[in-house]
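Student: structure for the following, please:
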Amino acid sequence: MNGQHEITYALGQRRPGVHGGKGARSRKPGAEQAPAAPIARIARLLALAITLERRVRKKEFRDYAEVARLAGITRARMTQITKLLDLAPDIQEELLFMPAAKPVTERNLRPVAAQIAWPEQRRLFRSMLPGQPTSKLSNPHD
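Tutor: Prediction:
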């Protein structure tokens with residue numbers, strides 16, 4: 001691709017008319033929404049990896065090297081982020097919905113993603129979360 005692309009990743013922006021911003025709509029008394037729970041950084045990184053993979057497959061970008069160049073990061077860092085896609089689908093799901101307070105980082109997940117066998121990934125992932133229920137990750141076929 002010869003055209004220029006821009007990747008934007010917005011966090012915590014307010015749009016007019018939403019959450020009390022300029023031009024907000026009036027709300028019924030007592031209809032206030034609870035503040036959204038913070039999203040874990042690992043969930044944001046995984047969501048970014050999923051989005052980038054989709055865009056590369058659609059040929060919006062030539063390859064991940066182009067994405068890295070446009071994003072201003074090294075190809076090595078891009079590889080670290082996209083390696084999250086090698087995790088078992090149930091681990092990815094758990095990460096996407098993980099509370100921000102959980103101490104799971106991309107760096108901690110590197111040895112897990114390096115395992116080819118999903119049962120081994122699940123075992124390593126469970127060992128990272130001591131005292132956490134593992135029912136979502138348990139698979140009777142493992």
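
Student: got a list of what Phe125 touches?
Tutor: 87, 91, 94, 109, 112, 137 (C-beta atoms under 8 Å, 6 or more residues apart in numbering). In short, each C-beta sits where N, CA and C put it, glycine included.

Student: ranges for the helices of this protein?
Tutor: For the chain, the helices defined by DSSP state H cover 41-57, 64-71, 75-82, 89-96, 106-113, 118-128.

Student: now the two most distant members of the contacts of Phe125.
Tutor: Distance extremes for these: the farthest pair is Leu109 and Leu137 at 13.8 Å, using C-beta to C-beta.

Student: which of the two has more residues huddled nearby?
Tutor: Leu109 (24 against 19; other C-beta atoms under 10 Å).

Student: dump the residue contacts of the more buried one.
Tutor: 42, 84, 87, 95, 125, 128.

Student: and the pLDDT for it?
Tutor: pLDDT recorded at Leu109 is 96.

Student: who's in contact with the closest residue to Val104 other than its chain neighbours?
Tutor: With sequence-adjacent residues excluded and distances taken as C-beta to C-beta, 6 or more residues apart in numbering, Val104 is closest to Ile42, at 5.2 Å. Going by C-beta under 8 Å, 6+ apart, Ile42 touches 84, 95, 98, 102, 104-106, 109.

Student: adding distance to Ile50, write those out as CSV.
Tutor: Shown next, in CSV, are the contacts of Ile42 (distance: C-beta to C-beta, whole Å):
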residue, distance to Ile50
Leu84, 9
Leu95, 11
Met98, 15
Lys102, 19
Val104, 17
Thr105, 18
Glu106, 14
Leu109, 15
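
Student: and of the residues you listed, the nearest to Ala117?
Tutor: Leu109 (15.5 Å).

Student: Phe61: neighbour count?
Tutor: Neighbours of Phe61 (other C-beta under 10 Å): 19.
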